[in-house]
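Asks: got a sequence here, can you model it:
(one chain, ligands or ions: 1)
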Amino acid sequence: MTNIAFIGLGNMGGPMAANLLKAGHNVVAFDLVKTALDEFVNIGGVAARSAANAVENAQVVISMLPAGKHVAGLYLGNEQEKNGLLTLLAKGCLVIDSSTIDAQTSRSVGLCANDLGIKFVDAPVSGGTAGAKAGTLSFIVGGEVEAFALAEPILNAMGKNIFHAGPAGAGQVAKMCNNMLLSVLMAGTSEALRMGVENGLDAKVLSDIMVKSSGRNWALEIYNPVPGVMDGTPASNDYQGGFMVDLMNKDLGLALAAAQASDSAVPMGQKAAELFKDHGAEGHGRLDFSSIYQHYSSKKV
Ligand code: NAD
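Replies: Numbers count the residues shown, from 1 in each chain. As a prediction, the model looks like this:
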């Protein structure tokens, strides 16, 4: 049993913290939203008055926050005043940041933690809110081998697949690469299916052909973007549930910024980002990202 401070009880953090409680850990949580804290208390958790209060006896700190600025603000605080949460942690404490953020912020927090004798891993997740509830998330971890070994048993209470991608920041880079590829596969699959349909083919027949041919990919196999082709997909449920276009746009923004920083050529990622951005701007930001299929028509693309 470990004393864990959990910061950020949102759509993902709430169920993740609940799974830590179920696994028998002592979890003290903090969120800026009171209702999120009340729900956590109702399931047997302890609510803190502040992030500083939450970490008072913590051996492990986990954060699940919206973006890099929130993570930097929490751990590093104000640069002049050096009042970040890291300065309050005991030496040897382990920090796990599971937010999806830019790799540079992860590396900065990792460096500062290291200077203070604190262990740090970035551990962004894949699997969405359903995976967070079911405790089946994939964690893509960046950090030193020793820190990864300490984090792994804690992450096992919230996830199924725990990967070590490399040093601090590597978890974020691996997640960005995966999601950029996913956006390209989903856009390409939608494009091919739409062209087939516009040439008189049945979407299910074409899907069955391509899934057994060289165009086979994850989107065709498990997440077909055409309504009615596959049971249980967001496409067959008015594109509700799943992975929102707004979140894909956030991840593509991070991927393009990383590509720019490393001077990497990502023409396919850039084009996919443009398509998803336009689709979101047309009011579809809260739909599942496979709704990009709807964006493909002779009028729109
Ligand atoms: P969310 O907006 O539902 O939750 C974020 C929570 O953080 C909110 O409750 C907010 O009040 C709290 N918060 C913000 N600043 C805080 C601070 N300084 N102190 C304490 N609490 C603070 O977001 P989410 O959907 O839970 O996503 C969290 C992270 O996980 C994001 O980085 C997101 O990109 C990533 N992610 C989300 C999904 C998904 O399907 N929702 C999937 C994979 C990864």
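Asks: please count neighbours and contacts with C-alpha atoms only from this point.
Replies: OK.
Asks: immediately after the worst-scoring helix or strand of the chain on mean pLDDT, which helix or strand?
Replies: Across the helices and strands of the chain, mean pLDDT, DSSP states H and E gives its lowest value to helix 128-134, namely a mean of 92. Sequence-wise, the next helix or strand downstream of helix 128-134 (DSSP states H and E) is strand 137-142.
Asks: restricting to C-alpha, output the helix or strand following that following strand in CSV.
Replies: Following strand 137-142 in sequence order, the next helix or strand is helix 145-156 (DSSP H and E). The C-alpha trace of helix 145-156 is given here as CSV (Å, rounded to 0.1, in the frame of the first residue of the first chain):
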residue,chain,number,x,y,z
VAL,A,145,15.1,2.8,-15.7
GLU,A,146,15.0,3.0,-11.9
ALA,A,147,12.0,5.5,-11.9
PHE,A,148,10.2,3.3,-14.4
ALA,A,149,10.6,0.2,-12.2
LEU,A,150,9.1,2.2,-9.3
ALA,A,151,6.2,3.5,-11.4
GLU,A,152,5.3,0.2,-13.0
PRO,A,153,3.4,-1.5,-10.1
ILE,A,154,1.5,1.7,-9.4
LEU,A,155,0.5,2.0,-13.1
ASN,A,156,-0.5,-1.6,-13.2
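Asks: hmm, back to that, and the least confident helix or strand of the chain, what's buried?
Replies: Across helix 128-134, burial judged by 16 or more other Cα atoms under 10 Å covers 128-129, 131-133.
Asks: for the stretch 101-250 of the chain, list the residues in contact with the ligand, please.
Replies: By Cα under 6 Å from any ligand atom, the residues of the stretch 101-250 of the chain that approach the ligand are 125-126, 128-129, 243.
Asks: give me the buried positions along the biggest strand by length in the chain.
Replies: For the chain, the longest strand by residue count, based on DSSP state E, is strand 159-166. For strand 159-166, the neighbour count (16+ other Cα under 10 Å) marks 159, 162-166 as buried.
Asks: what do you get for stretch 16-26?
Replies: For stretch 16-26, using 16+ other Cα under 10 Å, the buried residues are 16-21, 25-26.
Asks: can I get the residues you listed in TSV with pLDDT, secondary structure and distance to residue 182?
Replies: Below are these laid out as TSV (pLDDT from 0 to 100; DSSP: H, G, I helix; E, B strand; the rest coil; distance: Cα to Cα, whole Å):
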residue	pLDDT	secondary structure	distance to residue 182
16	98	helix	24
17	98	helix	28
18	98	helix	29
19	98	helix	28
20	98	helix	29
21	98	helix	33
25	98	coil	35
26	98	strand	37
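Asks: the residues you listed also near the ligand: which ones?
Replies: When the buried residues of stretch 16-26 are checked against the ligand using Cα under 6 Å from any ligand atom, none falls in range.
Asks: quick check, nearest of these to residue 216?
Replies: When the buried residues of stretch 16-26 are ranked by distance to residue 216 (Cα to Cα), residue 16 comes first, at 33.2 Å.
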